[in-house]
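**Student:** Fold the following for me, if possible:
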Amino acid sequence: MSTILDTIAAHARERVAADSAVLPPDEMRALAAAGGPADGQAFYDAIGRPGMSFICEVKKASPSKGVIDPVFDYLSIARAYEAAGADCVSCLTEPKWFLGSDDIFRDIRAAIRTPMIRKDFVVDEYQLYQAKVMGASCVLLICAILDTATVARYLAICDELGLAALTEAHDETEIASAVAAGARMIGVNNRNLKDFSVDLGNAARLREKIPADRLYVAESGVTVPADAAAMRSIGADAILMGEALMRAADKKAALAAFREATA
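**Tutor:** Predicted structure coming up:
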């Protein structure tokens, strides 16, 4: 039976095919090789610094919530995150269910200096080269749609390009895959991407499965400062959060409250 994730991944493959028809893979790789390495180490450093780090997400919509921000002044949102002291900024580029785009990412990248992750559904190495060309610091690799060998190959490409990689897992099997592939930074998603249900306890249950020498990011489900404090108590290095901040009228005050709860 097909899941939501299967459908999104299939559409991602269609997008890659369309993009490749406009700019062939060899040309995209050549563009990515130009201009020196990406600033992936800055992303790793931001997550690895003492205390809780916050990856603040820019997204207009999601499959589970629909449109989150009808106005979606994404440049103002990204600038507000940076002014509030976000350690990193995540930007959705998936166009059909999240209403993101590569152009939105590029516009934000030109407007802020904070390390950025291109958050999309990577199903082809072409997207890694795209991310580098777009100015990304980091990409997302989802173990639910990539086997261990593919994750390892994509991590090697990221290393060549200077990109950081957030390797995402939702259960013990996927964590084992991320570890075996050599992921330096592992995210545990509290949201099950197969049905988009959320269980904030997932990150806590799986914490011990992640080696101490890997960066650990808790993703999704953090809605109030107490949730952030819970993630801190289990030893998360960072929290990736979107909806709670996207819905906050005062993003600086909201992020300050989450940060205070983890101090």
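**Student:** which strands and helices sit next to the helix or strand of the chain with the lowest mean pLDDT?
**Tutor:** Ranking every helix and strand in the chain by mean pLDDT, DSSP states H and E puts helix 201-206 at the bottom, with a mean of 88. With contacts defined as 3 or more Cβ pairs under 8 Å, 6 or more residues apart in numbering; DSSP states H and E, the secondary structure elements packing on helix 201-206 are strand 185-189. Every C-beta, even on glycine, is put in place using the N, C-alpha and C of the backbone.
**Student:** Could you pull out the buried residues of the strand it packs on?
**Tutor:** Buried residues in strand 185-189, counting neighbours by 16 or more other Cβ atoms under 10 Å, are found at M185, I186, G187, V188, N189.
**Student:** pLDDT-wise, what's the bottom of those?
**Tutor:** In this model, the minimum pLDDT among these belongs to N189 (88).
**Student:** contacting residues around that residue?
**Tutor:** The neighbourhood of N189, defined by Cβ atoms under 8 Å, 6 or more residues apart in numbering, consists of E168, A169, H170, N202, E219, S220.
**Student:** and it, how far is that from F196?
**Tutor:** When Cβ to Cβ, to the nearest Å is the yardstick, N189 and F196 sit 10 Å from each other.
**Student:** can you check G85 too?
**Tutor:** On the measure of Cβ to Cβ, G85 and F196 end up 30 Å apart.
**Student:** Now for the residue lying closest to E260 once chain neighbours are set aside: which residues touch it?
**Tutor:** What sits nearest to E260 in space, not counting adjacent residues and going by Cβ to Cβ, 6 or more residues apart in numbering, is P225, at 7.0 Å. With Cβ under 8 Å, 6+ apart as the criterion, the residues that contact P225 are A257, F258, E260, A261.
**Student:** Could you measure from P225 over to R247?
**Tutor:** Using Cβ to Cβ, one gets 15 Å for the distance from P225 to R247.
**Student:** before we move on, which element is A21 in?
**Tutor:** helix 4-22 (DSSP states H and E).
**Student:** what's the answer for I55, then?
**Tutor:** Following DSSP H and E, the helix or strand that holds I55 is strand 53-58.
**Student:** partners of that strand, with directions?
**Tutor:** Here the strand partners of strand 53-58, with direction, are listed using DSSP bridges: strand 88-92 (parallel), strand 238-241 (parallel).
**Student:** Dump the ones you listed to CSV, plus mean pLDDT, mean neighbour count and distance to D69.
**Tutor:** Below are the strands paired with strand 53-58 laid out as CSV (pLDDT from 0 to 100; neighbours: other Cβ atoms under 10 Å; distance: least, Cβ to Cβ, whole Å):
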stretch, mean pLDDT, mean neighbour count, distance to D69
strand 88-92, 98, 25, 12
strand 238-241, 96, 26, 15
